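Participant: using only what follows, build the 3D model:
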Amino acid sequence: MSTTESPRTTTDTAGTAGTAETAADQAVKETLEDYTLRFAPRSYRRWTPMVVATTALGGIAYMADFSIGAGIGLAHGTSNALLAIALAAVVIFVTGFPLAYYGARYNIDLDLITRGSGFGYYGSVLTSIIFASFTFIFFALEGSIMAQGLEIGFGLPLWLGYAVSTLMVIPLVVYGMKALSKLQVWTTPIWLLLMVAPLVHLIANDPGTVDRFLAHPGTDGDGAVSTASVMLGAGVCLSLIAQIGEQIDYLRFMPPKTEANKRTWWTAVVMAGPGWVVLGALKQAIGVFLAVYILAEVGPVAAPEPIQQFRGAFEAMMPSWMVVPLAVVLVVISQIKINVTNAYSGSLAWTNSFTRVTGHYPGRMVFVLVNLAFALVLMEADMFSFLNSLLGFYSNCAIAWVVTVATDIGVNKYVLKLSPLQPEFRRGMLHAVNPVGVVAFVAASGLSIAMYFHLLGDALQPYSPVAAAVIAFVLTPLMAVVTKGRYYLRRTDDGITEPLLDGDGNPSGVTLDCHVCAQSYERPDLTACVRHEAVVCSLCLSTDKAGDHVLPATSATAVGVTPSRIRSS
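Facilitator: Predicted coordinates for the structure are as follows:
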C-alpha cells in the first residue's frame, strides 16, 4: 500500500491517462502523510493504541482553555463558571463518544463520517467549512497568546509576534502523522510539569487562594448561581465541541480492534476521543483560579492572559530571574503543540471541501497556507479582545453540527435503524445532499444564531446553545422518519465482490489497484468503475469532473468486479 497521497483527475474513456498525468506524478512524490479525502489504510496504521492516544491528547495542550475559563469566571463568578464548565463538558463528552468510535473503528475523519451520517456527499461541505473555521479561529487565539508571551519575554511587538507564531508551525505540519506523533509524545511531559507544578505549589503554600477563588462574585452579579449566567458561560465553552474533529484526525490512525487489544483500544478511544474534555474542563477551572489569584496585581484586562497567569504563579515558587523564561517556554510549547494540529486539521478540511466542489486536488500545503492566512488576519485584528463574543457566536454552528451527526449515529443508526450502520463516504454511493442532516443543521444553527443576536428577545439570548443542541437532537431523527431514510445511500452495492470488512468487523486490509492512478489502495477506499472492469480509488472519484467512473444511482444490478490484482496486506 502506498503511503503517499496520489490525487488524480479522471482518465479518458479508454482508461489511459490524459492531461492529469503530470499532476498525478507530482502528487505521488509528495511526502505528506494525511490521507486527505480518504480512508486511512491498515498498512499505514502501525502505532499502538496508546501512542495514538498520546498523540491525540498532546494536541489539546492549548492555552485557550485558561483564557476561556478566566473570562467566564471574571464575568459571572466562580460558581457560575464551574457549573458552566461542567455542563459543557458533559455535552461534549456525550456527543463526542459516537464520533470518536466511528473515526477509530472505521479509520475515517469527521468529514467522511458526516457525509454518511445525514449530510450526503456535497452536503457535508457546509460542515467542513465550519470545522476549518474552528481551526483558524483557535489557531489565531493560540497565536495571540504566544505573541503576548514573546512580547513579555523578548519585547517583541505583538504584530511581529503574530507573524512568528504563524510561520514557525509551517515546517512542522508538512509531514503529517509521523512527525506530529513524535512532537506530541516528547513535549507532553514537559508541558504537564510546567502546568501542574505552580498550581500545586500555590494550593499547598497558600490555602487561602482556594477560598478567594471559590468566593469570587464576578463583575456581572453578586456571585449567586444564575441560570442565564451558566448558560452564557456554557455557550462559550461549547465552542470547543468541534475539537472532537481534531481528535479524530489522530484517532483514525488507530490499529484494527481485535480480541487481543480490545481493552487498550477502548481505553485509548475514550481517553483521547471524548475524554479530551476532562483535561479541557480542568484547564478552564485552573484558568479561573489563576485569574482570580493575579486579578489584584494585573487587573481584569490582563488577568485572562495565560502568560500573565503563569508568570504570577511562577513568581510564588521560584527566583524572579526564572519566572518569565519559564512562563514563555510553557506558552511556546503549548502553542506549538496545538497549532500544528490546527494547521494540519484545517488544511484537511479545506482540501476536502475544495476538491469535492471543484474536482481539483491542489495539494494539502496550499490550504495550510490559506488557513494560516485567515488566522493571521484574525490575530492582527486583535481577536483576543472580543474572544468570548466570537466563541459564543461560533458555538451555535459547532453545536448544531456535532449534535446532528452524533444523533444520527446514536439514534438513526442504532435505534431507528434508518441510517446505514456502517459509515459510507465514497462518491457514487451517497446522494449529493441528504435532507436529514442538512435541514437539522441549518434549522438548529439558524434559530440559535437568531437567539444569540437577540432577534427572538433578550430573555432567550443566553439559551442559544441549548436551542442549537435541542433542535438538532429533535430534528435529526424526525427528518429521518419523514424521509424514511431514502437519502442516505444512492446505491447499496459498490460493485466489488471482495468483502468490505474482515472477520473482526474491521475495514479489510486487502489491496486493489486503482486503474486511474495505477496505485494500490485498501478495499474500503475503492468502488467499481462504471466503464471498465476495474476499480477506482476515492480520491480519483473525487477529482472525476465528468463523472466518467462514478457508479449509477441504482442497486438493482451489481457490477461484480473481481480484480485480478488482489493482495492481502
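
Participant: just the pLDDT for residue 12.
Facilitator: At residue 12, the model reports a pLDDT of 38.

Participant: helix, strand or coil for residue 302?
Facilitator: With DSSP: H, G, I helix; E, B strand; the rest coil as the basis, the three-state label of residue 302 is coil.

Participant: got the contact list for it?
Facilitator: Residues near residue 302 by CB atoms under 8 Å, 6 or more residues apart in numbering: 294, 308. In short, each C-beta sits where N, CA and C put it, glycine included.

Participant: go on, residue 205?
Facilitator: 316-317.

Participant: how many neighbouring residues does the residue lying closest to residue 154 once chain neighbours are set aside have?
Facilitator: The shortest distance from residue 154 to any non-neighbouring residue, by CB to CB, 6 or more residues apart in numbering, is to residue 328 (7.7 Å). Residues lying near residue 328 (other CB atoms under 10 Å) number 21.

Participant: again, but for residue 300
Facilitator: 13.

Participant: just to check, residue 76 is in contact with residue 235?
Facilitator: No - counting by CB atoms under 8 Å, residue 76 stays clear of residue 235, with 11.5 Å between them.

Participant: related to what we said a few turns ago, element containing the residue nearest to residue 154, please.
Facilitator: Counting by DSSP states H and E, the element that carries residue 328 is helix 320-358.

Participant: that helix - contacts with which helices or strands?
Facilitator: helix 110-114, helix 125-154, helix 177-205, helix 243-251, helix 306-315, helix 364-380, helix 538-542 (3 or more CB pairs under 8 Å, 6 or more residues apart in numbering; DSSP states H and E).

Participant: so the closest residue to residue 281 other than its chain neighbours: helix, strand or coil?
Facilitator: Spatial nearest neighbour of residue 281, chain neighbours left out: residue 89 (4.1 Å); criterion: CB to CB, 6+ apart. Classification of residue 89 using three-state DSSP returns helix.

Participant: pretty sure residue 89 sits against residue 277.
Facilitator: Yes - judged on CB under 8 Å, residue 89 makes contact with residue 277 at a distance of 4.8 Å.

Participant: in TSV: the helices and strands packed on helix 320-358, plus mean pLDDT and distance to residue 269.
Facilitator: Compiled in TSV, these are given as follows (pLDDT from 0 to 100; distance: least, CB to CB, whole Å):
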stretch	mean pLDDT	distance to residue 269
helix 110-114	93	14
helix 125-154	87	20
helix 177-205	74	17
helix 243-251	89	6
helix 306-315	88	30
helix 364-380	87	26
helix 538-542	87	24
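
Participant: make TSV out of those helices and add distance to residue 266.
Facilitator: Output for the helices and strands packed on helix 320-358, formatted as TSV (distance: least, CB to CB, whole Å):
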stretch	distance to residue 266
helix 110-114	18
helix 125-154	25
helix 177-205	20
helix 243-251	12
helix 306-315	33
helix 364-380	31
helix 538-542	28
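
Participant: closest to residue 82 out of the ones you listed?
Facilitator: Residue 82 lies closest to helix 177-205 among these, at 15.7 Å (CB to CB).

Participant: shaky segments in this protein?
Facilitator: Residue ranges of the chain with pLDDT under 70: 1-34, 36-37, 59, 173-187, 221, 384, 387-388, 555-569.

Participant: quick one, what contacts the most centrally placed residue in it?
Facilitator: In the chain, the centroid-proximal residue (CA atoms, centre = their mean) is residue 245; its distance is 2.2 Å. Shown in contact with residue 245 (CB under 8 Å, 6+ apart): 109-111, 131, 134, 345, 349.

Participant: what distance do you get for residue 191 to residue 331?
Facilitator: In this view, residue 191 and residue 331 are 10 Å apart by CB to CB, to the nearest Å.

Participant: looking at these two, which one has more neighbours?
Facilitator: More crowded of residue 191 and residue 331, by other CB under 10 Å: residue 331, with 27 against 18.

Participant: residues contacting the nearest residue to that one once chain neighbours are set aside?
Facilitator: Once flanking residues are discounted, residue 331 sits nearest to residue 149: 3.7 Å by CB to CB, 6+ apart. Residues in contact with residue 149 (CB under 8 Å, 6+ apart) are 161, 306-307, 327-328, 331-332, 335.

Participant: mind doing that once more with 10 Å?
Facilitator: Neighbour list for residue 149: 63, 156, 161, 165, 305-308, 310-311, 324, 327-332, 334-335 [criterion: CB atoms under 10 Å, 6 or more residues apart in numbering].

Participant: same question, residue 165
Facilitator: By CB under 10 Å, 6+ apart, the contact set of residue 165 is 139-140, 142-150, 331-332, 335-336, 339, 372, 375-376, 379.

Participant: how about a cut-off of 7 Å?
Facilitator: Listed by CB atoms under 7 Å, 6 or more residues apart in numbering, the contact set of residue 165 reads 143, 146-147, 335.

Participant: list the buried residues for stretch 497-515?
Facilitator: Across stretch 497-515, burial judged by 16 or more other CB atoms under 10 Å covers 502, 506-515.

Participant: ah, wrong one, I meant stretch 375-385
Facilitator: Neighbour counts over stretch 375-385 (16+ other CB under 10 Å) mark 375-376, 378-379, 383-384 as buried.
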